[in-house]
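Participant: 3D model of this:
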Amino acid sequence: MKFTTIIVTLLAIVFAQSSFADTNALADDFNKSDGPSELVSSGWVENDGGKNFKIVQIFVNHSFQSIELHIDKSGKIITWIDSARSTDSSIDVDVDYQFFADIEDWRMISKGENDFMYHLTVGGLAFKGPMMEAMSKMQAIDQLLLIIAKNI
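Facilitator: Numbering: from 1, shown residues only. From the prediction side, this is the model:
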């Protein structure tokens, strides 16, 4: 009986840590920021593969923390899935994005001290998606990653 209690407790801890701190706050913070207008004015939201939204998946390496965001043509987060468990989901890497980093790297990103390119080349951030689009829209992506990282 004691073993079962320990297993249940461990599973509860793992699942409690499997999603972001407060996804509602993340969406609200981002939607109220300059981020959506940055995404719209940069043209980033237009390349959506005909879905009328882009998918952005965020993964914290070596943990169960992940999230999938759907960002519409207004640049706002319209829906989210608290656990983007699969890196081989139905995303289209010609239009959608996946970001991977250790928790320490996400904390560095949350400070806003360095840009997207720095974190890709030096700072421990990995990325899958349309590279040319990302390089041409770095300021908009910086804003998105900053708010996401602050909510991990």
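Participant: Tell me how many other residues surround Ala140.
Facilitator: 24 (other C-beta atoms under 10 Å). Any C-beta I mention is one placed from the backbone N, CA and C, and that applies to glycine too.
Participant: Remind me which helix or strand it belongs to.
Facilitator: helix 138-150 (DSSP states H and E).
Participant: Any idea how far that helix is from the middle of the chain?
Facilitator: 9 Å (C-alpha atoms, centre = their mean, to the nearest Å).
Participant: Please work out the average pLDDT along that helix.
Facilitator: For helix 138-150, mean pLDDT is 87.
Participant: ok now do the residue nearest the centre of the chain, which residues does it touch?
Facilitator: Central residue of the chain (C-alpha atoms, centre = their mean): Ile58, 3.3 Å from the mean position. Counting by C-beta atoms under 8 Å, 6 or more residues apart in numbering, Ile58 makes contact with 66-69, 84, 98-99, 148, 152.
Participant: tell me which element it is part of?
Facilitator: strand 53-60.
Participant: After that strand, which helix or strand is next? Please name it.
Facilitator: strand 66-72.
Participant: May I have that following strand exported as CSV, CA atoms only?
Facilitator: What follows is strand 66-72, C-alpha atoms only, in CSV (Å, rounded to 0.1, in the frame of the first residue of the first chain):
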residue,chain,number,x,y,z
SER,A,66,5.4,21.7,-23.5
ILE,A,67,2.7,23.8,-25.1
GLU,A,68,1.1,24.3,-28.5
LEU,A,69,-0.2,27.7,-29.4
HIS,A,70,-2.4,28.6,-32.3
ILE,A,71,-1.9,32.2,-33.5
ASP,A,72,-4.5,33.7,-35.9
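Participant: and that strand, average pLDDT?
Facilitator: The average of the pLDDT scores along strand 66-72 is 90.
Participant: and that strand, what does it pack onto?
Facilitator: With contacts taken as 3 or more C-beta pairs under 8 Å, 6 or more residues apart in numbering; DSSP states H and E, strand 66-72 sits against helix 23-32, strand 53-60, strand 77-81.
Participant: nearest to Met135, of the ones you listed?
Facilitator: Comparison of the helices and strands packed on strand 66-72 against Met135 by C-beta to C-beta identifies strand 53-60 as nearest, at 16.3 Å.
Participant: now the closest one against helix 138-150, angle please.
Facilitator: 50 degrees (axes from the mean of the first three to the mean of the last three C-alpha atoms, to 10 degrees).
Participant: Sounds good, over and out.
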